[in-house]
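# quick one, structure for this:
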Amino acid sequence: MKKLKSHLRFSKNQRNGILFLALFIVVLQLIYFNIDFSKEPVLDVNSKEIVALQSEIDSLKQIASNSKQREPRKFNPNFITEYSGYTLGMSPEEIDRLHQFRAKDKWINSIADFKRVTQVSDSILDEISPRFQFPDWVTNPKPRSNNWASKTEKSFTQKIDLNKATPEQLQEINGVGEVLSNRIINFRDRLNGFQIDEQLHDVYGLEYGVVKRILNEFTVKEKPEVVKININTASASDIATLPFISFNLAKEIVDYRLLREGIKEMDELKNIKGFPEQKIDRFALYLTLK
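Next up, the predicted model:
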């Protein structure tokens, strides 16, 4: 009994702790039995408003999905393979007719051509023909200009002197407008007149085809007198007066001449850095070695 009493004895701190624990348990019990912890839904998902809103959202999603669906892919009927022809509903015989036609290096350029070559049924043709896509040169051919393309080459006497052509006369050429015609005249004035027809290629902005059409109507007849520049004695400033020769390039020519004690052949100019060697024949019209 003494041992049992010793076990039941508590200190003051222990008794306070037991009392606090008992109070804490009682408070928890009161909270548990008196407060409802169940959560009520904030919104009634089955209400008429929510159902109507969800229906509208579903409709918008369906519309967006339909708008994203790709249209059937277009294709060039000249390149239908056996597999793609099969998926289009063509028979093996119809596919073979197409391939035999293409093997002869011939092209289908219209729906009527496709029908004639393959002999497909009208029902299949009506289904697949809206997907045909022919090259631009077939669907949008460029109109041919009869005012210059069909003309034959004129003789020398029939042509107008290029050194006397007016801007208005030049503008009659297909591809030459006011800007290019004035540019040709200004370039001609800078040269004091064209020496050869090929100098027309040096006019900025003139394409090869346009130059060819101009030279079908014009040619150099009366050549201007030219005082040629002696490249072995001329100063850099004199050489720089030539078309396409900058002052820096003119100095390179003079330095090259001094280092080699003169230029013996005109082709030596090609060795100078920056010299437009493709135009050397034009420069030779204005240069001399002696």
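# drop to CA atoms for contacts and neighbour counts, all remaining ones
OK.
# all helices of the chain, in order?
2-8, 12-34, 48-68, 82-87, 92-103, 111-118, 122-128, 136-139, 167-170, 178-191, 208-215, 236-239, 247-259, 280-283 (DSSP state H).
# CSV for those helices, including mean neighbour count?
Below are these laid out as CSV (neighbours: other CA atoms under 10 Å):
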stretch, mean neighbour count
helix 2-8, 8
helix 12-34, 11
helix 48-68, 11
helix 82-87, 14
helix 92-103, 16
helix 111-118, 16
helix 122-128, 12
helix 136-139, 10
helix 167-170, 17
helix 178-191, 16
helix 208-215, 16
helix 236-239, 18
helix 247-259, 17
helix 280-283, 15
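# closest one to residue 199 among the ones you listed?
Between residue 199 and those, the shortest gap by CA to CA is with helix 280-283, which sits at 7.0 Å.
# before we move on, the earlier item: how about JSON lines for the helices of the chain, with mean pLDDT and distance to residue 269 added?
JSON lines is the format used below for the helices of the chain (pLDDT from 0 to 100; distance: least, CA to CA, whole Å):
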{"stretch": "helix 2-8", "mean pLDDT": "52", "distance to residue 269": "123"}
{"stretch": "helix 12-34", "mean pLDDT": "77", "distance to residue 269": "107"}
{"stretch": "helix 48-68", "mean pLDDT": "69", "distance to residue 269": "65"}
{"stretch": "helix 82-87", "mean pLDDT": "84", "distance to residue 269": "62"}
{"stretch": "helix 92-103", "mean pLDDT": "89", "distance to residue 269": "54"}
{"stretch": "helix 111-118", "mean pLDDT": "90", "distance to residue 269": "60"}
{"stretch": "helix 122-128", "mean pLDDT": "89", "distance to residue 269": "65"}
{"stretch": "helix 136-139", "mean pLDDT": "51", "distance to residue 269": "46"}
{"stretch": "helix 167-170", "mean pLDDT": "95", "distance to residue 269": "34"}
{"stretch": "helix 178-191", "mean pLDDT": "93", "distance to residue 269": "21"}
{"stretch": "helix 208-215", "mean pLDDT": "93", "distance to residue 269": "26"}
{"stretch": "helix 236-239", "mean pLDDT": "91", "distance to residue 269": "13"}
{"stretch": "helix 247-259", "mean pLDDT": "91", "distance to residue 269": "7"}
{"stretch": "helix 280-283", "mean pLDDT": "80", "distance to residue 269": "8"}
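# and of these, who's closest to residue 230?
Using CA to CA, the nearest of those to residue 230 is helix 236-239, at 8.9 Å.
# touching that closest one from outside, list them.
Residues outside helix 236-239 that contact it (CA atoms under 8 Å, 6 or more residues apart in numbering): 229, 231, 245, 247, 250, 251, 253, 254.
# check contacts around the second one.
Residues in contact with residue 231 (CA under 8 Å, 6+ apart) are 239, 263, 287, 288, 289, 290.
# quick one: which of those residues is nearest residue 101?
Using CA to CA, residue 287 comes nearest to residue 101 of these, at 61.4 Å.
# and that closest one, how many neighbours?
19 (other CA atoms under 10 Å).
# partner residues bridging it?
residue 229 (DSSP bridges).
# and the residue nearest to residue 253 when sequence neighbours are not counted, what's its pLDDT?
In space, and not counting its chain neighbours, residue 253 is closest to residue 272: 6.8 Å by CA to CA, 6 or more residues apart in numbering. pLDDT for residue 272: 88.
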